[in-house]
Structures are given as C-alpha cells and as structure tokens.
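1. after the sequence you'll find the predicted model.
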There are 2 protein chains.
Amino acid sequence: MANVVKRMNDIVLMVPGPTMLSERVIRAMSRQAINHRSEPFRKLYKRLVEKLRYIFRTEKGEIFILTSSGTGGMEAALANIIEPNDKVIVPIYGNFSQRMADIARVYGANVICKRYPLGEAPRLEDIKALLDEHEDAKALALVYNETSTGVVVRELEAICREARRRGVLTVVDAISILGGEKLEVDAWKVDICIGATQKCLAAPPGLALLSVSQEAWEVIEKTKAKSYYFDLKRYKRFREEKWETPFTPALHLMFALDEALDMIREVGLDNWIMRQKICSEALYEGIEGLGLEIFPKREWRSPTVIAVRYPQGIDDVKFRNRLADIYHIEVAGGFGELRGKIFRIGCMGIVSRKELFVVVTSIADNLTYFGYRADVGAAISRMSEVLRRL
Amino acid sequence: MANVVKRMNDIVLMVPGPTMLSERVIRAMSRQAINHRSEPFRKLYKRLVEKLRYIFRTEKGEIFILTSSGTGGMEAALANIIEPNDKVIVPIYGNFSQRMADIARVYGANVICKRYPLGEAPRLEDIKALLDEHEDAKALALVYNETSTGVVVRELEAICREARRRGVLTVVDAISILGGEKLEVDAWKVDICIGATQKCLAAPPGLALLSVSQEAWEVIEKTKAKSYYFDLKRYKRFREEKWETPFTPALHLMFALDEALDMIREVGLDNWIMRQKICSEALYEGIEGLGLEIFPKREWRSPTVIAVRYPQGIDDVKFRNRLADIYHIEVAGGFGELRGKIFRIGCMGIVSRKELFVVVTSIADNLTYFGYRADVGAAISRMSEVLRRL
C-alpha cells in the first residue's frame, strides 16, 4: 500500500509555522497579479496597515509589511537602529534569541549576552539587573516566544515598561506568538515589534510585519540605515507619499494576509487568541496524559509551541518520519543541543479539535510502534476537559 | 455606467512587472502550506534549482532563491562581495543602475559612477575605458535591461568577458530581462546574475533569483557577509547539507514558480524568449504606426520594456488613469526626470496577440480623447506584419 497511497496534500501541519491555511485564505491568494503602482494596490496596502494596527494593538505605531521571512523583519529592526559599537543587550535562551544577537553583531553592535538554561526565559528581575549593569545600553532585544524551546517570556509588559523608563529601546521578536497571545504594543511600550504571517495569523509565509514606536522612530531617523532593502525610512516615505512600497511587494501574500486578518477581525482578536490558547492547553494535557514530559517547566510553557521530551530510546527522525508517512502529521524536531531530545508541536492559527485529537492519537499510536505504551484514553479525556471551554 | 461597472479583475497588466499570470500558475499557487523542513519541500527546492540552471544557462553556477523582491537580490549580490572601500564601477543610465550604485554605497564601496544620457547605455568601448582607468576595481555592476528608460545593454557578453579577463567581477541586474532575452551566464562569464520571478518568467512577485559563478564564490567565501538575511554562505550551507533554506521561504511563490518554469521548459527557453521578442517588436511597430515616438534610439531598444514619448500636451497621469479606468489597461509612467515625459509598456511573459492588439487600439482611442489623432489602422497593419513570425 505504501507505494500506492502516496503522501499528498492531506498532511496535517502541526509545526511551529507555517501553519495550515483556511480555504478562504487560499482562495484569496488565487488571483491575477495587479499593478503595485495603482489604486487597487494602495487600497489593499492601507487596509492591511489598518488591520495590522488592530493585531499589534497600536494606534500610532508605524506599521511595515516587508517581503521577507520573519528573520528579515529582525534584520530590518536592528539594521535601522544600530550604529557600530552601540550596546545591545540580548538575553539568550534558544536559537532565535541567539539569532537576534548574531544579527546585532553583523551590524557592529557591542552585544551583551546573558545565557539562560534552555527551557527557561529571563524574568523582570534579571532584566533589571542587566539594565543596571549596562546603563549605556541603546537597546534590549528579546524573543517573546522562543520557538526553539517552547518557552514564553512571562513578564514582557513589565520588562518593556522598565526599559522605556530607562530610555532603552525594546526590540521584540514576536514572530511565533503575534496573534497567539496577549501583546499590547502601545500599552506595554514595545518599541519595535516583529511578527510574521505564517504563524498565529494563519497566512502564507513570506511577509515580515513590524510595528515601530515613536521613540524608536526618532532613533531610526538619526541612524543611517545599514541595509538598502530593509531601509525603513524609505518604506515610510513611500507609504506616506503615495501608499506604495519602494520595491515590488509579494502581492499574492498580501491578498492572502488581507483575508486572514478579516477572519481574525470577524471573531475578534481576543477570541482568536483565546481559542488557540485553549487548544494549546488541551495539547499540554493530552501530551501529559500520554505520560510524556513537557520540556519547559510549567511557568515557561509557550501558548503556541509545545516542546515535548522524547521518552528514552525513541529516535527523533524515525519517530517524526513515521508520524508523517503513516499518519500524515508533521511536527518539528529540536535545534542544536535539543536535537533528538525533543519534538515540537505548533498550535497556531486555525487549529481545531480535529487536529488536536488526531495529532495526540497518532502520536500515541506511533509511540506504541516504538515500544512506548501511552494511555490515549487518559489523554483524550484530559483534553476534552479543557476543550469544553472552546 | 462608471458607477455600475467597477474595475474588477479584468485589468490587462502591461506594466514592466508584475506581469499577468497564467491560470496554470495561479492554480499551482492555490494550495495548502507544507513544512519547509520536510521531503516534499526538499524535492521542490531541488527541482527549482535545476529548472533555474536552465533559465540562467549555467551548469556550475550556484543558484539562490531568496524571499524578497529583485532589489533584495541586488542587495544580496553586493552585500556578499563588498568590503569597505572596495572599488565598484557602476555606469548609470537610469533608476535601476542608480540603485545599484546606492546599494554598493550602503556597504561602504568606493563607487565609480559614469553617467550616460537617459535613453542610452554603455558600450563595450566605454567599459574598457573605465576598466583601464580603474585597474584596481573589484567589481563592475551593470543593469542588463534598464527598466526605467527601456534600454538594453547590447554588448553584455563582450563586456562580461572583458571584465573576467581582467579579474573584475561582474554583477548583472537582469531582473526585467531574465527569460526575455538571450542571457548565457556560463558562456558570457557573468559572475553574479540577478533575476526575479514577476517579469519574463510570468510568476508572482516576491522571490529574487541569483546565479553565482565559481569566481564570485571564491570572493564571497573570503568576504564577511554584511547582511544576515542575505548571507549567501548560509543559504549555500543549508542547501548543500539538506536542501533547505535557512529561513522560512515564501512557499506558495515557489509552487507558482515551479509551474511557471515548467511552462517555459515545455515550449523551450529559446522559443519562449523569441515569442516575447516578436511581441515587443510588434509593439514597437504598433506604437510607431500610431505616430508616437519611441524614447530610446533604435539601437538601445529593450525587448521587454517599450518606453514611449508622450506627444506634446498629453498629461501622463490623466492619460494612464483613463487608460486604466475606461479600457482596463495598465501601463507604467516614467521615473524622475522622465516623469510625465514617457510611458512604458511591459512586454513580458505570457503576453500574446490579444493583449498587443487591445493595448495599441486602446492607446490610440485614448489619444483621440486627448486630442491626438492616431492611425490605428496603420498600427495594426504594421504589427500584423511582425506577428506573422509568431
């Protein structure tokens, strides 16, 4: 049968991005190109910026839509505020916080790193100590949700407010959590917030999203952009002068994003976030119900990326390949030190009971094949309890 | 009626990119997301690289597919070879050659510019003189087809060979001509060739395409990348190790490109190019048949972008807006100095008799409204003559 029934389009994507797209979003993308120097484009662009204000929870933030992955958004954030030797504080607690430090270094920053054990994240008190020690820091770069370890920074609001009080800019990578957890750019005083389309917004990959505060903008205006493609001043000028982008944008991804953001507005952002959170809580219950161990301690658990320790003796690649081949479910492995030790389930966007039940059941069945007995009944019953709140 | 019949999806796009997409390409894009860390993605990526070798005419060139506009590709090319104070020669003959110089400057290059009158392009002898004068130049950056003025560099092959002989790298922006004119990366000794999806390949916008020679690669290996997102060494490592991209790619644009490249392979690249060239020749005949003047002299005329001088007294914005509103046809205006003086017709990708006839007829009719009498009969008859070769 394996040769007859090939893996087709029926894969259930449960990786931490890209996420599954709704039929509505796929349909919205399926259209002819338009001229990006024409009124229909300008209307689309304006609409998207307004809809993104709603997502970022900002009234006055400058909104940018860049044709790039989320990493391009991180680069845009840092390339526009850093001058060589500027001090940038970067707490490191996984691959994406490491990436933030690496990008800052490309632009010649004096990067102050503080490492945390994998599975943990910095607390307000840690950040305060760092800020005390480095009063001359220009920026503090933080990953709100560290996708590589499945941890979330709990006190982001207090941290950003503290940095603002001290005149230190905050650059927050919210790529894997924007639209999946409370995030109030204006109220929390986030200076540069970076998101992407293919995570909790359930749009296709290829666009980075930025919100920039007035405080950060003042710095950007005084800073010579270290990139041409990611020069935010040029994007702002084109937007203000004519609602256009300086370079040809990925139009079809914008069509898709337009529809994806409509879906969120229709249910309301809070409900959209709550739905995903209930689903991830159900997944945590389900995974623990199977007798598996969650990688981060309870206090750090991400609402969008569920990192699970492998039981002794289960081979990561074999386990995930079989999960994909037989059950048509894709989950992600671990990075670096965590490779082979954990797998990660993305719980983002349009995920629903259907995906949750099938992923937990399939993981259980797959574990059995590898000699690990999992109690699928207990798992489903624990999930069901949480899912009543849906 | 104007309020009843709104402009919908029936616009005929005749701008110099993005171009119209075929139904096949739109359909190919209309699908669920996949995991970019999975076998189906690796196969797609491998396929695309092979198909792009065919388009760039290179066997050994390193192929890169970047999630960005073409300008991102230009940035990638320059950010990976330039060290501060490196001498880079950039002949300037329009907005995109100016952009090449601007990007090189962002990376601290000592940029040697030579300006040409708009509507002209450098000849081999000009380049030889520049290379003689600047023997220490590291690179020569050229725009093969200057989209802003509708001129093509005629002696690109001889120019690139000459530069290679002298050990000077060539960086060629072929964005608006890749797949629309003869271009032999290996045979012509082009070091870094930059293309994009939304022009003559008739795929949606959002991906930049690069081919890099072994000679350029040796330089890149010795150069510290000045960008993280556009660090080509990282892309190469990920590709060689696992046929993956370092950052989440714009999957749906890759699905679409895959199909667009199939369409080219089915007819053969030479035929695909020839078809577009016959169409643009027909357009030149049609435009002259209407009594309008082509902006560049005959020797420089681009095979993909037809730049037309406005007759005295015709307002650019009014003319183009009416062409879009009444005839549903979009052409582009001029940039900078040429704003208001020319309009530009893109003749790329899946353009056919149908678009050519409707665009020339509509331009003629629109001209009449603005008080200019055009001989549409003469135009169509001259076009018809050329189109016999289709």
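-> That came through fine.
2. what are the ranges of the strands in the stretch 51-200 of chain A?
-> Applying DSSP state E, counting those that start in this stretch to the stretch 51-200 of chain A gives strands spanning A:62-67, A:87-92, A:110-115, A:139-143, A:145-146, A:151-152, A:169-173, A:192-196.
3. so which residues make contact with the fifth one?
-> The contact list for strand A:145-146 (CB atoms under 8 Å, 6 or more residues apart in numbering or on different chains) reads A:93-97, A:121, A:151-153, A:174-177, A:180-181, A:302-305. No exception for glycine: its C-beta is placed from N, CA and C like everyone else's.
4. which SSE is immediately downstream of the one helix or strand A:A307 maps to?
-> For A:A307, the host element (DSSP states H and E) is strand A:305-309. Sequence-wise, the next helix or strand downstream of strand A:305-309 (DSSP H and E) is helix A:316-327.
5. only alpha carbons, please: show that next one as PDB.
-> Output of helix A:316-327 as PDB, limited to C-alpha atoms (Å, rounded to 0.1, in the frame of the first residue of the first chain):
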ATOM      1  CA  ASP A 316      13.700  11.600  16.700                       C
ATOM      2  CA  VAL A 317      14.000  11.200  12.900                       C
ATOM      3  CA  LYS A 318      12.400   7.800  12.800                       C
ATOM      4  CA  PHE A 319       9.600   8.900  15.000                       C
ATOM      5  CA  ARG A 320       8.800  12.000  13.000                       C
ATOM      6  CA  ASN A 321       9.200  10.400   9.700                       C
ATOM      7  CA  ARG A 322       6.800   7.600  10.600                       C
ATOM      8  CA  LEU A 323       4.400  10.100  12.000                       C
ATOM      9  CA  ALA A 324       4.500  11.900   8.600                       C
ATOM     10  CA  ASP A 325       4.500   8.800   6.500                       C
ATOM     11  CA  ILE A 326       1.800   6.700   8.200                       C
ATOM     12  CA  TYR A 327      -0.300   9.300  10.000                       C
END
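6. does the helix or strand that that helix is followed by reach chain B?
-> Scanning forward in sequence from helix A:316-327 by DSSP H and E, the next helix or strand is strand A:329-330. Yes: using CB under 8 Å from any CB of the partner chain, strand A:329-330 comes into contact with chain B via A:E330.
7. which other helices and strands does strand A:329-330 contact?
-> Contact here means 3 or more CB pairs under 8 Å, 6 or more residues apart in numbering or on different chains; DSSP states H and E; on that basis strand A:329-330 packs against strand A:12-13, helix A:316-327, helix A:353-369.
8. again, only using 7 Å
-> With contacts taken as 3 or more CB pairs under 7 Å, 6 or more residues apart in numbering or on different chains; DSSP states H and E, strand A:329-330 sits against helix A:353-369.
9. and the helix it packs on with helix A:316-327, angle?
-> In terms of direction (axes from the mean of the first three to the mean of the last three CA atoms, to 10 degrees), helix A:353-369 departs from helix A:316-327 by 120 degrees.
10. what residues sit buried inside helix A:353-369?
-> Buried residues in helix A:353-369, counted by 16 or more other CB atoms under 10 Å in any protein chain shown: A:355-357, A:359-364, A:366-367.
11. which is the next helix or strand following that helix?
-> Helix A:353-369 is succeeded, C-terminally, by helix A:376-387 (DSSP H and E).
12. next one: A:G119 from A:G94, what distance?
-> A:G119 sits 9 Å away from A:G94, going by CB to CB, to the nearest Å.
13. same check on A:I82?
-> Taking CB to CB, one finds A:I82 at 22 Å from A:G94.
14. please apply the same query to A:Q312.
-> From A:Q312 to A:G94 the distance is 24 Å (CB to CB).
15. go on, A:I294?
-> Here A:I294 is placed at a distance of 15 Å from A:G94 (CB to CB).
16. so these two - more neighbours on which side?
-> Taking other CB atoms under 10 Å in any protein chain shown, A:I294 and A:G94 do not tie; A:G94 has more neighbours (25 against 19).
17. and the pLDDT for the more buried one?
-> With respect to pLDDT, A:G94 scores 98.
18. then A:E23?
-> A:E23 is assigned a pLDDT of 97 by the prediction.
19. around it, how many other residues sit close by?
-> Applying other CB under 10 Å, we find 10 residues neighbouring A:E23.
20. from A:V88, how far out is it?
-> 43 Å.
21. check A:S280 too.
-> Per CB to CB, A:S280 is found 31 Å from A:V88.
22. got the residues of the stretch 1-150 of chain A near chain B?
-> Residues of the stretch 1-150 of chain A lying near chain B by CB under 7 Å from any CB of the partner chain: A:9, A:11, A:13, A:15, A:17-21, A:26, A:29-35, A:37-38, A:67-72, A:75, A:102-103, A:106.
23. quick one, which of those are buried?
-> The buried subset of these (16+ other CB under 10 Å) comprises A:11, A:13, A:15, A:17-21, A:26, A:29-35, A:37-38, A:67-72, A:75, A:103, A:106.
24. got the contact list for A:V111?
-> A:88, A:90, A:101, A:104-105 (CB atoms under 7 Å, 6 or more residues apart in numbering or on different chains).
25. can you redo these as CSV with distance to A:D258?
-> As requested, the contacts of A:V111 are exported to CSV (distance: CB to CB, whole Å):
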residue, distance to A:D258
A:V88, 34
A:V90, 34
A:A101, 34
A:A104, 33
A:R105, 36
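26. skipping its backbone neighbours, what lies nearest the residue positioned nearest the centre of chain A in space?
-> Chain A has A:S176 as the residue nearest its centroid, 1.0 Å off, counting by CA atoms, centre = their mean. In this structure, A:S176 finds its nearest non-sequential neighbour in A:T147, 4.3 Å apart by CB to CB, 6 or more residues apart in numbering or on different chains.
27. would you mind listing what in the stretch 151-300 of chain A touches chain B?
-> A:198, A:204-206, A:227-229, A:247-253.
28. picking that back up, what touches both of A:G119 and A:G94?
-> Common neighbours of A:G119 and A:G94 (CB under 7 Å, 6+ apart) are A:T149.
29. low-confidence ranges, chain A, go.
-> Within chain A, the set of residues satisfying pLDDT under 70 comprises A:1-9.
30. count of residues packed around A:V317?
-> By other CB under 10 Å, neighbour count at A:V317 equals 10.
31. cool, and A:N145?
-> 30.
32. how about it: what's its closest non-neighbour residue?
-> A:N145's closest residue in space is A:I177 (CB to CB, 6+ apart), at 3.7 Å.
33. thinking again about what came up before, list the contacts of the residue nearest to the centre of chain A.
-> A:16-17, A:145, A:147, A:199, A:304-305.
34. farthest-apart pair in those residues, please.
-> A:G17 and A:N145 (11.0 Å; CB to CB).
35. from chain B, how far off is the closest residue to A:Q214 other than its chain neighbours?
-> Once flanking residues are discounted, A:Q214 sits nearest to A:K60: 6.2 Å by CB to CB, 6+ apart. Here A:K60 is placed at a distance of 27 Å from chain B (CB to the nearest CB, to the nearest Å).
36. how far away is A:K60 from A:L290?
-> 47 Å.
37. check A:T71 too.
-> 33 Å.
38. how many neighbours does A:K60 have?
-> 12.
39. I should have written A:L261 there, sorry.
-> A:L261: 24 surrounding residues under other CB under 10 Å.
40. look up phi and psi at it.
-> Backbone geometry at A:L261, expressed as degrees, to the nearest 10, gives phi -70, psi -30.
41. so what's it up against?
-> A:51, A:55, A:201.
42. which of those residues fall in helices?
-> A:51, A:55 (DSSP state H).
43. could the contacts of A:L261 go into a markdown table alongside neighbour count?
-> Shown next, in a markdown table, are those (neighbours: other CB atoms under 10 Å in any protein chain shown):
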| residue | neighbour count |
| --- | --- |
| A:K51 | 18 |
| A:I55 | 23 |
| A:L201 | 29 |
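44. let me have the contacts of A:L261 in JSON lines, extended by distance to B:R47.
-> JSON lines is the format used below for the contacts of A:L261 (distance: CB to CB, whole Å):
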{"residue": "A:K51", "distance to B:R47": "35"}
{"residue": "A:I55", "distance to B:R47": "35"}
{"residue": "A:L201", "distance to B:R47": "29"}
